[in-house]
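Visitor: let's see this in three dimensions:
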Amino acid sequence: MMAGVLGVGTLLGVLLTGVGIIPAAGAGFAAAFGLPFWILAFLKKRRENKFLAAFPDAVDVIVRGIKSGLPLMDCLKVIAADSQEPVKSEFRAIVESQAIGVPLGDACLRLYERMSVG
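Guide: Model (predicted):
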């Protein structure tokens with residue numbers, strides 16, 4: 001709905017400048033169908049890059065925690081509490097899924113689906 005409002009607003013704005021109906025329609029079409037999807041793709045890619053930058057530290061916390069005798073869930077809780085975003089919120093979702101009884105494999109699969117990079 002916001003894309004439609006953006007497209008109509010751009011169409012009317014360009015029409016008010018006196019350019020003509022065809023360029024105004026082109027600008028409205030580009031604003032309605034191009035701009036919102038470009039912005040969403042940009043934001044998604046930025047979130048994925050932040051996740052990939054912080055994920056090795058999370059894996060390191062898990063490895064060091066397991067080596068020192070911590071249970072896996074405690075390691076995941078440490079990541080959910082102390083890591084950077086978006087790793088923090090993604091691991092919090094895993095911990096919360098575990099709390100309601102979702103198997104760890106399924107919770108991690110959901111993480112993979114949300115953060116499907118590429």
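Visitor: quick one: list the elements packing against the helix or strand in which residue 95 is found.
Guide: If you go by DSSP states H and E, residue 95 is part of helix 87-99. If contacts are counted by 3 or more Cβ pairs under 8 Å, 6 or more residues apart in numbering; DSSP states H and E, helix 87-99 sits against helix 35-67, helix 72-82, helix 104-114. The C-beta positions use only the backbone N, C-alpha and C, and glycine is treated the same way.
Visitor: would you mind finding the most buried of those helices?
Guide: Greatest average neighbour count among the helices and strands packed on helix 87-99 goes to helix 72-82 (a mean of 17), per mean count of other Cβ atoms under 10 Å.
Visitor: of the helices and strands packed on helix 87-99, which approaches residue 5 most closely?
Guide: Closest approach to residue 5 among those (Cβ to Cβ): helix 35-67, 10.3 Å.
Visitor: tell me the mean pLDDT over the closest one?
Guide: Mean pLDDT, helix 35-67: 92.
Visitor: returning to that earlier point: in CSV, list the helices and strands packed on helix 87-99 along with distance to residue 6.
Guide: Output for the helices and strands packed on helix 87-99, formatted as CSV (distance: least, Cβ to Cβ, whole Å):
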stretch, distance to residue 6
helix 35-67, 7
helix 72-82, 36
helix 104-114, 26
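Visitor: how much space separates residue 80 from residue 43?
Guide: 22 Å (Cβ to Cβ, to the nearest Å).
Visitor: actually residue 49, sorry about that
Guide: For residue 49, the distance to residue 43 - Cβ to Cβ - is 11 Å.
Visitor: before we move on, what about residue 20?
Guide: Counting by Cβ to Cβ, the gap from residue 20 to residue 43 is 33 Å.
Visitor: what does residue 24 give?
Guide: For residue 24 relative to residue 43 (Cβ to Cβ), the value is 28 Å.
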